[in-house]
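Peer 1: 3D, please:
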Amino acid sequence: MSGAVSRVKILVAGDSGVGKTALADRISSIGMKFFTWTIGCSVSVKLHTYKQGTPEQNTYFIELYDIGGSNHHKESRSVFYQSTHGIILVHDLTNRKSQLNLQRWLAEILSTDGDGLLPSSSLDSEQFVGTTQIPIFVVGTKWDLIDDNLRKRLKRTPCSIAEQCGGDEIYVSLNNMSAFAPGSTNAVKLSRFFDKVIERHHYSRDISSPFSDKKKTILYSPPFTTPPSAYSPPSYTKFYHKD
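Peer 2: Model prediction:
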């Protein structure tokens, strides 16, 4: 079939229990369900309109790779980091440590050179913050569970890693079905992030990201002709193994 819809791959990373799976499902418009711990990786797919309402408008599949946060699988999950075009870092607003750990998550992902993680002895997490060209988006979850004083403080002082990486940050209540309602601030910022990921991967001539595809550079995508029902997700949608 000609004119297949192009894709971009976005990692959803953060500590266990911060709400990554719920976030990925909410973004991809999957209804409420019972969430369990992710083991390995789970993939959700969203159809996104790039630069909607402009002459450059086009449609892309956004693949959201929800990465299990357990330390037991730290060495094996690096296989999912390759050829990544964007990163969503997720932290729990009721758990300060989960925010502090975002820097470690970013360093772990960006230290993947295509052959697995670099030796831990050569890893300095701070060197990656503020220097990566891969688009970053930060999400703080459980907004409904924090008090008013913390909310005011968060609005005044955004997450440092978001600021240093030049990325947007949003705060959400994932049990709210309208968390990403069309036209809302959250939806606008998320759409802008998706556009940035697509812009860099498919249209930019500067492909210096450590995750850029080495075999080809796609400058323009063909028109959208493939129906969403024809999308075939990666064969490794789920990855399970015992501790």
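Peer 1: Going by neighbour count, which residues in the lengthiest helix in the chain are buried?
Peer 2: When the chain is parsed with DSSP state H, its longest helix is helix 185-198. In terms of neighbour count (16 or more other CB atoms under 10 Å), helix 185-198 has its buried residues at N186, A187, K189, L190, S191, F193, F194, D195, K196, V197, I198. Placement of C-beta: from N, CA and C, glycine included.
Peer 1: Over to stretch 134-151?
Peer 2: For stretch 134-151, a neighbour-count test (16+ other CB under 10 Å) marks I134, P135, I136, F137, V138, V139, G140, T141, K142, W143, I146 as buried.
Peer 1: Which of the three states applies to the residue lying closest to I62 once chain neighbours are set aside?
Peer 2: Spatial nearest neighbour of I62, chain neighbours left out: K46 (4.4 Å); criterion: CB to CB, 6 or more residues apart in numbering. Using DSSP: H, G, I helix; E, B strand; the rest coil, the secondary structure recorded for K46 is strand.
Peer 1: re the thing from before, could I get the buried residues of helix 185-198 in a markdown table, plus columns for pLDDT and distance to A22?
Peer 2: As requested, the buried residues of helix 185-198 are exported to a markdown table (pLDDT from 0 to 100; distance: CB to CB, whole Å):
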| residue | pLDDT | distance to A22 |
| --- | --- | --- |
| N186 | 95 | 14 |
| A187 | 95 | 16 |
| K189 | 96 | 18 |
| L190 | 97 | 15 |
| S191 | 96 | 19 |
| F193 | 97 | 18 |
| F194 | 97 | 19 |
| D195 | 97 | 24 |
| K196 | 96 | 23 |
| V197 | 97 | 21 |
| I198 | 97 | 24 |
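Peer 1: could you redo these as a markdown table and give each row distance to R77?
Peer 2: Listed next are the buried residues of helix 185-198 as a markdown table, based on distance: CB to CB, whole Å:
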| residue | distance to R77 |
| --- | --- |
| N186 | 27 |
| A187 | 29 |
| K189 | 27 |
| L190 | 24 |
| S191 | 28 |
| F193 | 22 |
| F194 | 23 |
| D195 | 27 |
| K196 | 25 |
| V197 | 21 |
| I198 | 25 |
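Peer 1: Show me what the lowest-mean-pLDDT helix or strand in the chain packs onto, helices and strands only.
Peer 2: Lowest on mean pLDDT, DSSP states H and E among the helices and strands of the chain sits helix 160-165, with a mean of 83. Judged by 3 or more CB pairs under 8 Å, 6 or more residues apart in numbering; DSSP states H and E, helix 160-165 is in contact with helix 102-110, strand 136-141.
Peer 1: got TSV for the ones you listed, with mean pLDDT and distance to V18 too?
Peer 2: Output for those, formatted as TSV (pLDDT from 0 to 100; distance: least, CB to CB, whole Å):
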stretch	mean pLDDT	distance to V18
helix 102-110	90	10
strand 136-141	96	6
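Peer 1: what's the closest of these to T21?
Peer 2: With CB to CB as the measure, strand 136-141 is the member of the helices and strands packed on helix 160-165 nearest T21 (10.9 Å).
Peer 1: what does the helix or strand following the closest one rub up against?
Peer 2: Per DSSP states H and E, the first helix or strand lying C-terminal to strand 136-141 is helix 148-156. With contact meaning CB atoms under 8 Å, 6 or more residues apart in numbering, helix 148-156 is reached by L93, G140, W143, I146, Y171.
Peer 1: what's the first one in contact with, if anything?
Peer 2: Taking CB under 8 Å, 6+ apart, we find L93 in contact with Q99, G140, T141, K142, W143, L145, I146, L150, L154, Y171.
Peer 1: Is Y65 in a helix, a strand, or coil?
Peer 2: Per three-state DSSP, Y65 ends up strand.
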